[in-house]
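Enquirer: show me how the following folds:
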Amino acid sequence: MSTDLQEQTDQQLKNLIENHRRQGAVQADLYLAALAEFDRRKGKGLEFQKSFDVIQAAARERRFVSYKELADASGTTWNRVHLTMGQHLGRLVEYAERRDWPMLSAIVVNKPNVKSGKMEPDTLQGFVAAARELGHEVTDESAFLREQQERVFEWATLEAADAEA
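Expert: Okay, the predicted model is just below:
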């Protein structure tokens, strides 16, 4: 099988991702690239790198990000991507987890909650489900969210310091 991911079918890409998971090779560059390629195909215009950049920049400023802000950064509309946003963020969270980063989607909330960082109940449920799938133990969902939000802010500050060094 070719490792040029753009030449892979969706099924081949899924198989590559699943094989890496089964083999515990989730730190491999090929696995991480396959996640990003799969997201490029399925994100309906959402771009992995652009979402990452927006989240990282906001985290450095210790502020929360709206879903619309992510859509805008990718040059698409909220109406087009609202059904795939959760999956997009799920793949981004997995990508971050495999790099030993915090759950980056912790600071992505709906527009009315951008000041507070609060997640709506359904959103929080999805966030916690993703956390548990990645092996996080969650007992107090709100406390876990706040902890992850703080970790994202700290991570961005450390990443910025490392980039300047």
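
Enquirer: so who does the closest residue to His82 other than its chain neighbours touch?
Expert: In this structure, His82 finds its nearest non-sequential neighbour in Tyr67, 7.3 Å apart by Cβ to Cβ, 6 or more residues apart in numbering. The C-beta positions use only the backbone N, C-alpha and C, and glycine is treated the same way. Contacts for Tyr67 (Cβ atoms under 8 Å, 6 or more residues apart in numbering) come out as Trp78, His82, Met85, Val108, Val109, Asn110, Lys111.

Enquirer: which pLDDT value belongs to Tyr67?
Expert: With respect to pLDDT, Tyr67 has a value of 95.

Enquirer: just Gly75 next, same as before
Expert: pLDDT, Gly75: 89.

Enquirer: so it lies in a helix, does it not?
Expert: No: using DSSP: H, G, I helix; E, B strand; the rest coil, the secondary structure at Gly75 is coil, not a helix.

Enquirer: just checking, it touches Ser51?
Expert: No: taking Cβ atoms under 8 Å as the definition, Gly75 is not a contact partner of Ser51, at 12.0 Å.

Enquirer: who has more neighbours, the two?
Expert: A count of neighbours by other Cβ atoms under 10 Å puts Ser51 above the other of Gly75 and Ser51, at 26 against 10.

Enquirer: please, where are all the strands along the chain?
Expert: Taking DSSP state E as the criterion, the chain carries its strands at 65-66, 108-109.

Enquirer: may I see those strands organised as JSON lines, with mean neighbour count added?
Expert: Converted to JSON lines, the strands of the chain look like this (neighbours: other Cβ atoms under 10 Å):
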{"stretch": "strand 65-66", "mean neighbour count": "20"}
{"stretch": "strand 108-109", "mean neighbour count": "26"}
